[in-house]
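Asks: coords below, sequence missing:
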Ligand code: ARG
């Protein structure tokens, strides 16, 4: 099955750290700058006022490249994104344990925290938190933080309970999230603060529990109804068995990957299940990106294709090429629209002979939407036709996903423009980057077939 993955992406370019003083701009770099900043504008609009949770292990903080992450966090906040940062501190705990010759114990991949280890966890968490707060307080002139006034709030937002005995191992002071004071976090975010959460939880009896960063991040994202949960990892995203980076994944596809014995990077094993849980519980998107790739956060968030793996619960994944067996399903979707005169009538024979131009959206093995691409290769343009979604599934993003898939196919065919003829749904297309065109904009062949009685309007969209 062809999936909706934009997989097999070229390897992401390795970017070097942004120099403090940019090189003298040539007109080409200036044009590129203007182009990119404009291309980011829709994301800036979409993200303002939304809550993002960014999570990473303690190794991220220990690394010099963390400064780049801090610069990007600072920029996100200045764009009006409500930011919750969740950090881990495992390497720092390990270092302190070692210093004090306390053995480190793990069960099921999680630390067994006894009283001695807990002291080390507290020390480590304190160090990491202070370091993050210090970097977020930077404001040196001439640096990306100039003029920044980041206020960081940390607090007793998490109530925890003991993890208990797991498969016969008493996990002691290792705990699980029990309650999150989302109201307090919302208030801090309303005030424009960055909320910083350490992997520690408190109980009503005054105990402290050691929590995992992935659990805290997931629970915070779910309970805060976050738009995004972003994990910074050692690797650049999720790769399939053929080592191809998977750009988009549905939670179902992600589960399938995890269930295979295929080799997955340790970070992916850790964060992907958390990302799935978050998306299945209402977080709109989860992203797994590299912490080593300078600017990865910005590239992921402000470009269409991103640089890592983006996970979503539904829809996106269920787009595939149509086969002859889908003809009946497609007809059931488009027939009512043909009857209403919204779509041009096509016979079953014609549909079957053109089936390879169709894609379908399916839900639970039912066809719930379709679209077709007719390429006019000489003129480098394509027609988007027969775009339809079953009424029960409208406004769930399927139309959008079908359009995106058609656009992607058109780009693969090196088409430069997509057009659509429509009598009814102009707004939908206008909202998605189409602009009015004229009959003269159509490819020759299409012009000669244009049905003047239908009075369809031409809408067109350039493909970059
Ligand atoms: N910038 C967009 C967003 O943050 C799209 C990112 C796509 N990323 C990906 N790995 N496919 O929502």
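Replies: All right, it came through fine. Bear in mind the structure is a predicted one, so any value in this text is a computation, not a measurement. Numbers count the residues shown, from 1 in each chain.
Asks: Is the helix or strand encompassing residue 35 in proximity to the ligand?
Replies: Secondary structure assignment for residue 35, by DSSP states H and E: helix 27-47. Yes. In terms of CB under 6 Å from any ligand atom, part of helix 27-47 sits within range of the ligand, namely residue 43. Just so you know, the C-beta spots here come from the backbone N, C-alpha and C atoms, and that holds for glycine as well.
Asks: list the buried ones in that helix?
Replies: By neighbour count on 16 or more other CB atoms under 10 Å, the buried set for helix 27-47 is 40, 47.
Asks: So what touches it?
Replies: 23, 25, 76, 79, 80, 81, 227, 301, 302, 303, 304 (CB atoms under 8 Å, 6 or more residues apart in numbering).
Asks: Spell out which residues of the stretch 1-150 of the chain are next to the ligand.
Replies: residue 43.
Asks: can you tell me how far the most centrally placed residue in the chain sits from residue 301?
Replies: Residue closest to the mean C-alpha point of the chain, counted by CA atoms, centre = their mean, is residue 310 at 3.6 Å. Separation of residue 310 from residue 301 (CB to CB, to the nearest Å): 10 Å.
Asks: Then residue 77?
Replies: From residue 77 over to residue 301 (counting by CB to CB), the distance is 13 Å.
Asks: Looking at those two, which one has more neighbours?
Replies: residue 301 (24 against 20; other CB atoms under 10 Å).
Asks: correct me, but the more buried one touches residue 79?
Replies: No. At 9.4 Å, residue 301 does not count as touching residue 79 under the criterion of CB atoms under 8 Å.
Asks: ok, back up a step: report the set of residues contacting both of residue 310 and residue 301.
Replies: residue 287.
Asks: what about whatever residue of the stretch 101-250 of the chain ends up closest to the ligand, neighbour count?
Replies: Among the residues of the stretch 101-250 of the chain, residue 247 lies nearest to the ligand; the distance is 4.0 Å by CB to the nearest ligand atom. Residue 247 has 19 neighbours, counted by other CB under 10 Å.
Asks: Residue 270 now?
Replies: That count, for residue 270 with other CB under 10 Å as the rule, works out to 17.
Asks: Contact partners for the residue of the stretch 251-400 of the chain found nearest the ligand?
Replies: Here the residue of the stretch 251-400 of the chain nearest the ligand is residue 306; by CB to the nearest ligand atom that distance is 2.3 Å. Going by CB under 8 Å, 6+ apart, residue 306 touches 247, 287, 289, 299, 300.
Asks: just residue 304 next, same as before
Replies: Contacts of residue 304 by CB under 8 Å, 6+ apart are residue 39.
Asks: So it versus residue 36, what's the distance?
Replies: Relative to residue 36, residue 304 is positioned 12 Å away (CB to CB).
Asks: next one: residue 136
Replies: 25 Å.
Asks: still on that earlier bit, any chance of TSV for the contacts of helix 27-47, columns pLDDT?
Replies: Listed next are these as TSV, based on pLDDT from 0 to 100:
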residue	pLDDT
23	65
25	71
76	97
79	96
80	96
81	98
227	96
301	97
302	96
303	90
304	79
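Asks: Please indicate which of these are buried?
Replies: For the contacts of helix 27-47, buried by 16+ other CB under 10 Å: 76, 81, 227, 301, 302.
Asks: Just give the closest residue to the last one, not the sequence neighbours.
Replies: On the basis of CB to CB, 6 or more residues apart in numbering, the spatially nearest residue to residue 302 that is not a chain neighbour turns out to be residue 40, at 4.0 Å.
Asks: and if you look at the fourth one?
Replies: Leaving out its chain neighbours, the residue that sits closest to residue 301 by CB to CB, 6+ apart is residue 43, at 6.2 Å.
Asks: and that neighbour, what pLDDT?
Replies: On pLDDT, residue 43 comes in at 92.
Asks: now do residue 263
Replies: pLDDT, residue 263: 84.
Asks: quick one, what contacts it?
Replies: By CB under 8 Å, 6+ apart, residue 263 lies in contact with residue 241.
Asks: Give me the distance between it and residue 109.
Replies: 17 Å.
Asks: cool, and residue 372?
Replies: In terms of CB to CB, residue 372 sits 48 Å off from residue 109.
Asks: do residue 430 as well
Replies: 50 Å.
Asks: Residue 357 too?
Replies: 48 Å.
Asks: In terms of neighbours, single out the busier of these two.
Replies: residue 357 (20 against 9).
Asks: tell me what the longest strand anywhere in the chain is packed against?
Replies: If you go by DSSP state E, the chain has its longest strand at strand 366-376. Strand 366-376 makes packing contacts with helix 327-339, strand 358-363, strand 381-389, helix 398-412 when contacts are defined by 3 or more CB pairs under 8 Å, 6 or more residues apart in numbering; DSSP states H and E.
Asks: Could you export the ones you listed as a markdown table, including mean pLDDT, distance to residue 214 and mean neighbour count?
Replies: Formatted as a markdown table, the helices and strands packed on strand 366-376 follow (pLDDT from 0 to 100; distance: least, CB to CB, whole Å; neighbours: other CB atoms under 10 Å):
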| stretch | mean pLDDT | distance to residue 214 | mean neighbour count |
| --- | --- | --- | --- |
| helix 327-339 | 94 | 39 | 17 |
| strand 358-363 | 90 | 29 | 22 |
| strand 381-389 | 95 | 35 | 23 |
| helix 398-412 | 93 | 28 | 20 |
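Asks: Confirm for me that residue 298 is in contact with residue 73.
Replies: No. Contact criterion CB under 8 Å: residue 298 and residue 73 do not qualify, at 10.4 Å.
Asks: The two: which has the busier surroundings?
Replies: Using other CB under 10 Å as the criterion, residue 298 and residue 73 rank with residue 73 on top: 21 against 18.
Asks: ok, the more buried one to the ligand distance?
Replies: 15 Å (CB to the nearest ligand atom, to the nearest Å).
Asks: Where does that residue sit, in terms of helix or strand?
Replies: Per DSSP H and E: helix 66-78 holds residue 73.
Asks: what packs against that helix?
Replies: If contacts are counted by 3+ CB pairs under 8 Å, 6+ apart, helix 66-78 sits against strand 51-56, strand 82-87, helix 115-136, helix 296-302.
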